[in-house]
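[1] What follows is a predicted protein model with its sequence.
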Amino acid sequence: MASDTRYDGMVYNRCGRSGLKLPAVSLGLWQNFGHTGVYANMEAMVHTAFDLGITHFDLANNYGAPYNGSAEENFGRILRDMRHYRDELCVSTKAGYGMWPGPYGDRNGSRKYLTASLDQSLKRMGLEYVDIYYHHIYDPDTPLEETALALDNAVRQGKALYVGVSNYRHREMEEILGIFRELRTPVVLNQPSYSMLNRWIEEDGLDELCYENGVGLAVFSPLYQGMLTDRYLNGIPADSRAGRGNSRLAGELDAAMIKRLNDLNAIAASRGQTLSQMALSWVLRNRAVTTVLIGASRPEQIRENVKCVERLDFSEEELEAIERLIRR
Ligand SMILES: NC(=O)c1ccc[n+]([C@@H]2O[C@H](COP(=O)([O-])OP(=O)(O)OC[C@H]3O[C@@H](n4cnc5c(N)ncnc54)[C@H](OP(=O)(O)O)[C@@H]3O)[C@@H](O)[C@H]2O)c1
């Protein structure tokens, strides 16, 4: 049984101008949910998240090791015991990166690939429909109209309730929004990377474009893959993502970065937060952001991170002090 108090502490934000609300903190299953992980730990993470009001779980066809799709298989197994909560859950999946051999499962945005992949994802998760179906990455070789129609078709077939795109820049987003508008497709999200150490969406203007067009942002790697936590304040621990060699960001952890993280940690402490909590609150201060998609390797990290919603306000002085440290 899930906790009776699961909705008491979480903040729910409307996805752009749609009717859909998402928790300010969502759980992503990219890493640590494949068959190379420990199943009991994955189950504990999903249960912990749900007990804390995290209703949104973000997947993709290719998540999981040692083979693509293993995260969806494990999530499907966890869902079997959570069936009676299906209507309290918002499940997202995606297709776009390379998934299976041959021309149809390659990195692309064709109707052929997106249609077949969604059927596979539904089977792996044991679901009749997903709540949000995304095209995972812009494909310059497929006409955008074809990709948009394939997503729209998933909705018309009842296999997805809403659609989104991920890793689409301003120009690409503007173009596909025009097509979705003509089709009247329920597009609710773009999913870009964004954090204190990665602000490309601000420079690109993607955040404002989405805000003005009533589309939300579900942002990934808001902790910069774990760097914006207390994990790396004294270097790289062996059991961390960077220590396991699973992060290409490890190369950025030089002495200057470690000093910067410690300075940010001091600001977080003065606000009564941990560094991870402040990093998430900072991302959520952007009015275009609906939800932060966190990853986790253990339930305690989720417990710590959701508390970011208790301190979403920043003073001008705090924002300026943070700005001085993160400007690169
Ligand atoms: N659309 C896309 O192209 C795309 C790409 C990437 C990710 N995503 C989505 O975004 C989700 C999150 O991405 P991400 O995993 O890179 O996000 P992240 O939240 O920036 O990093 C998560 C990692 O940080 C560490 N961590 C988290 N909380 C911590 C805490 N309180 N204290 C210490 N360490 C902590 C854990 O790593 P360790 O404990 O292992 O060190 C955890 O696995 C993915 O699961 C996926 O759903 C989407």
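    Nice, I can see it.
[2] Checking the residue nearest in space to the middle of the chain next. Helix, strand or coil?
    By Cα atoms, centre = their mean, the mean C-alpha position of the chain lies nearest to residue 293, the distance being 3.2 Å. The local conformation at residue 293, judged by DSSP: H, G, I helix; E, B strand; the rest coil, is strand.
[3] If we ignore the residues flanking it in sequence, what's nearest it?
    Excluding its sequence neighbours, the residue lying closest to residue 293 (Cβ to Cβ, 6 or more residues apart in numbering) is residue 28, at 4.2 Å. In short, each C-beta sits where N, CA and C put it, glycine included.
[4] do residue 69 as well
    Spatial nearest neighbour of residue 69, excluding adjacent residues (Cβ to Cβ, 6+ apart): residue 124 at 5.6 Å.
[5] which residues sit against the helix or strand encompassing that neighbour?
    If you go by DSSP states H and E, residue 124 is part of helix 111-125. Under the criterion Cβ atoms under 8 Å, 6 or more residues apart in numbering, residues 59, 61, 69, 72-73, 75-76, 79, 91, 93, 95-96, 99, 104-106, 128-130, 133, 135, 146-147, 149-151, 153-154, 159-160 lie in contact with helix 111-125.
[6] Let's see which of the residues you listed end up in helices.
    72, 73, 75, 76, 79, 146, 147, 149, 150, 151, 153, 154 (DSSP state H).
[7] Would you enumerate the residues in contact with the first one?
    Read it as residue 72. 59, 61, 63, 64, 93, 121, 124, 125.
[8] between these, which has the most around it?
    residue 93 (29 neighbours; other Cβ atoms under 10 Å).
[9] ok, that one touching residue 62?
    No: with contact defined as Cβ atoms under 8 Å, residue 93 and residue 62 do not form a contacting pair (10.0 Å).
[10] Now the closest residue to the ligand within the stretch 151-300 of the chain: closest residue in space that isn't a chain neighbour?
    Residue nearest to the ligand within the stretch 151-300 of the chain (Cβ to the nearest ligand atom): residue 295, separated by 2.1 Å. The shortest distance from residue 295 to any non-neighbouring residue, by Cβ to Cβ, 6+ apart, is to residue 28 (5.1 Å).
[11] Number of residues surrounding that neighbour?
    25.
[12] and if you look at the one 3 residues further on?
    Using other Cβ under 10 Å as the criterion, residue 31 is surrounded by 21 other residues.
[13] how close does it get to the ligand?
    Residue 31 is 5 Å from the ligand, where distance means Cβ to the nearest ligand atom, to the nearest Å.
[14] any idea which helix or strand carries that residue?
    With DSSP H and E as criterion, residue 31 is part of no helix or strand.
[15] In contact with the closest residue to it other than its chain neighbours, which residues?
    Closest residue to residue 31 apart from its sequence neighbours, by Cβ to Cβ, 6+ apart: residue 295 at 5.6 Å. Counting by Cβ under 8 Å, 6+ apart, residue 295 makes contact with 27, 28, 30, 31, 32, 221, 223, 225, 226.
[16] again, but for residue 307
    By Cβ under 8 Å, 6+ apart, residue 307 lies in contact with 273, 277.
[17] That one in helix, strand or coil?
    helix.
[18] From residue 38, how far off is residue 78?
    Counting by Cβ to Cβ, to the nearest Å, the gap from residue 78 to residue 38 is 13 Å.
[19] if you count what's nearby, which of those two comes out ahead?
    residue 78 (20 against 10).
[20] where's that one relative to the ligand, distance?
    Noted for residue 78: a distance of 15 Å to the ligand, by Cβ to the nearest ligand atom.
[21] still on that earlier bit, tell me the pLDDT of the residue nearest to residue 69.
    Looking at residue 124, its pLDDT reads 98.
[22] which stretches of the stretch 151-300 of the chain form helices?
    When assigned using DSSP state H, counting those that start in this stretch, the helices of the stretch 151-300 of the chain occupy the ranges 170-183, 200-204, 206-212, 255-270, 275-284, 299-306.
[23] for these, which one ends up most surrounded?
    Highest mean neighbour count among these (mean count of other Cβ atoms under 10 Å): helix 275-284, with a mean of 24.
[24] Give the other helices and strands that it contacts.
    helix 255-270, strand 289-294, helix 299-306 (3 or more Cβ pairs under 8 Å, 6 or more residues apart in numbering; DSSP states H and E).
[25] tilt between that helix and strand 289-294?
    150 degrees (axes from the mean of the first three to the mean of the last three Cα atoms, to 10 degrees).
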